[in-house]
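In: need coordinates for the following:
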Amino acid sequence: VDVDQMYGIEIEEWPARIAEVAMWLIDHQMNERVGEVFGSPVLRLPLKKSARIVVGNALRIDWNEVLPAARCSYVMGNPPFVGKKEQNAAQKADMALIWQGVEGSGTFDYVTCWYRRASMYTKGREITAAFVSTNSICQGEQVGLFWKHMFAEKIEIQFAHKTFGWMSEAKGKAHVHVVIIGFRRNAQPPRVLHEYDAKGKATTRTVRSINPYLVEGDNIVVLRADKPISQGAPIMTKGSEVTDNGHLLLSSAERAQLLKDCPGMVKFVRRFTGGEEFLNGLSRYCLWLRDASPRVLRSCKEVRLRLEAVRDFRRSSRKQRTRGLADTPYLFGEDRQPETRYLLVPKISSERRHYIPIGFLPPSFIASGSALVVPGASYFDFGMLSSEMHMAWVRYVCGRLEMRYQYSVNIVYNNFPWPRKPTAKQKAAVETAARHVLEVRKSFKGYTLAELYDPLSMPKPLREAHKRLDRAVDRCYRSTPFNGERSRVEFLFDLYQQLTAPLLPTEKGRRRGKRV
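Out: Modelled structure (predicted):
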């Protein structure tokens, strides 16, 4: 292999020239290694050959003009790490050009453009492509939409490096979490999966196939579901959205002053709890005026001023629906508050935690939009969602905010495969273990859930209580113990496939596209 066999595209002149020099340096290093092995130095001086690096936008020039696909063996690259929210105007224009007419492409990361261009470039050819990519293309909602399209193009994953930390050597040393995915049409064995532990140590294994979540298994994608795929699973919804610019919310000090000035408002001031408040034991309050009479609303000057501010904020919105809410400034923009005890699940939770802390709250605690709720949930429901089985599903399917879990109803919860037919004895064991977890948590008075679930300081009794719960939940799925997270995930994907397969012939349209 010589440097003149290397072709590339770089958007700026200076980096393009640096890339050419870098290829000479790599060539020299490899020649030195050959000399060490075979005992005879390899010299290429004077330099007569060089890589051909074309200056241009790789998403807008024809790759065949750089190197005809008929002469290409491999495509590889390290495209920009840009999520959907970070794209600038030029990048959004590139996305629109590359993904024109493809459903859901507005949710894709920028790197997916290179996958599509590579798919088009390699069509009809035995070419393997590989890209360093943001790991979000293997998480959350975009997996189903993006990879469904790739599978339609007959693309398969040949090898993959699961999530690992990518430390840039540039100034500032940006640290991001990435994957490397190698793909081609009609991928051939062996297919290789590289996995990394928390310290970055890699293990490599040969597998029969690799799915978009970088797990051994068939090409299954998890699509949005409007209701749970498991029969009998409780309904989860989002918390209530205030849409008030903060005017219906109160700090502890503001609450105290309001009740001092207007003691009659006491029953209309409620605890307001989202994910952050729940995890960190923070006290916030809100004006909950759903049942307040016009006379009550007019009786307190501070309340009137706050309602006027809400009305003005909503009227100034560019959204027609929000402007319509200005007529009822005393109500939340979206009221989904349960009327019974409910289970609260934080939308955002640290990836460092082994379990997402969840818990029961009374209906008097208003759940905010940064939380998800399961009205009327049982101890069995708490046990299932607090288990290692559920967390294994979360770690592979859940979208991420940076690296933190971004739990969702339509992707994570509704698609979670619950046990198909647990016996009464098995359910009772889960309920008993779930109650024990709550009792242990309660025994650590004065500690927040964030403190109790920190992996470095999680109390031993709580850890043991969760392990007991994990065993009880596992037995609801099968009698044979699971051998680590990998076996759990593979089992859950198989069960997911069984649960969703009957939907395909009759509900293909509602499920937003078929699975492959």
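In: list the beta-bridge partners for residue 182.
Out: Under DSSP bridges, the beta-bridge partners of residue 182 are residue 130, residue 159.
In: quick one: contacts for it?
Out: 128, 129, 130, 157, 158, 159, 160 (C-beta atoms under 8 Å, 6 or more residues apart in numbering). For the C-beta atoms, the positions are set from N, CA and C on the backbone; glycine is no exception.
In: what about it, distance to residue 176?
Out: 19 Å (C-beta to C-beta, to the nearest Å).
In: what does residue 282 give?
Out: Shown here: residue 282 relative to residue 176, a distance of 30 Å by C-beta to C-beta.
In: repeat that for residue 456.
Out: Distance, residue 456 to residue 176, using C-beta to C-beta: 23 Å.
In: returning to what we had before: got a winner among the contacts of residue 182 for most neighbours?
Out: Tallying neighbours with other C-beta atoms under 10 Å puts residue 160 at the head of the contacts of residue 182, with 24 neighbours.
In: how near is it to residue 181?
Out: From residue 160 to residue 181 the distance is 5 Å (C-beta to C-beta).
In: shared neighbours, those two?
Out: residue 214.
In: what ranges do the strands span in the stretch 351-500 of the chain?
Out: With DSSP state E, counting those that start in this stretch as the criterion, the stretch 351-500 of the chain has strands at 359-361, 366-367, 371-375, 399-401, 404-406.
In: each with direction, which strands does the fourth one pair with?
Out: Going back to what we said before, that points to strand 399-401. According to DSSP bridges, strand 399-401 has these partners: strand 404-406 (antiparallel).
In: for the strand it pairs with, the distance to its chain's centre please.
Out: 6 Å (C-alpha atoms, centre = their mean, to the nearest Å).
In: got it, and stretch 346-359?
Out: 13 Å.
In: same deal with stretch 315-323?
Out: 30 Å.
In: ends of that stretch, what's the gap?
Out: 5 Å (C-alpha to C-alpha, to the nearest Å).
In: so residue 140 sits against residue 398, correct?
Out: Yes. If you go by C-beta atoms under 8 Å, residue 140 and residue 398 touch, sitting 6.6 Å apart.
In: find the residues that touch each one of those two.
Out: Residues within reach of residue 140 and of residue 398 at once, by C-beta under 8 Å, 6+ apart, are 406, 408, 411.
In: run through the residues that contact the second one.
Out: This points to residue 408. 140, 141, 347, 398, 399.
In: of those residues, which pair is most distant in space?
Out: Spanning the widest gap among the contacts of residue 408 are 141 and 347, at 14.1 Å by C-beta to C-beta.
In: report the central residue of the protein.
Out: Per C-alpha atoms, centre = their mean, the C-alpha nearest to the average position across the chain is that of residue 399, at 0.9 Å.
In: roughly how far apart are it and residue 84?
Out: Residue 399 is 11 Å from residue 84, by C-beta to C-beta.
In: cool, and residue 111?
Out: Counting by C-beta to C-beta - residue 111 and residue 84 are separated by 11 Å.
In: with residue 295 instead?
Out: 48 Å.
In: more neighbours: those two, which one.
Out: Shown here are residue 295 and residue 84; by other C-beta under 10 Å, residue 84 has more neighbours (17 against 7).
In: circling back to that earlier point, surely the residue nearest to the centre of the chain and residue 140 touch.
Out: Yes. Here residue 399 lies in contact with residue 140, judged by C-beta under 8 Å, at a distance of 2.6 Å.
In: now for the biggest helix by length in the chain, which elements pack on it?
Out: Ranked by residue count under DSSP state H, the longest helix found in the chain is helix 13-38. Judged by 3 or more C-beta pairs under 8 Å, 6 or more residues apart in numbering; DSSP states H and E, the packing partners of helix 13-38 are strand 7-10, strand 52-55.
In: what does the average pLDDT come to for the last one?
Out: Mean pLDDT, computed over strand 52-55, is 93.
In: parallel or antiparallel, which strands does that strand pair with?
Out: Per DSSP bridges, strand 52-55 is paired in its sheet with strand 7-10 (parallel).
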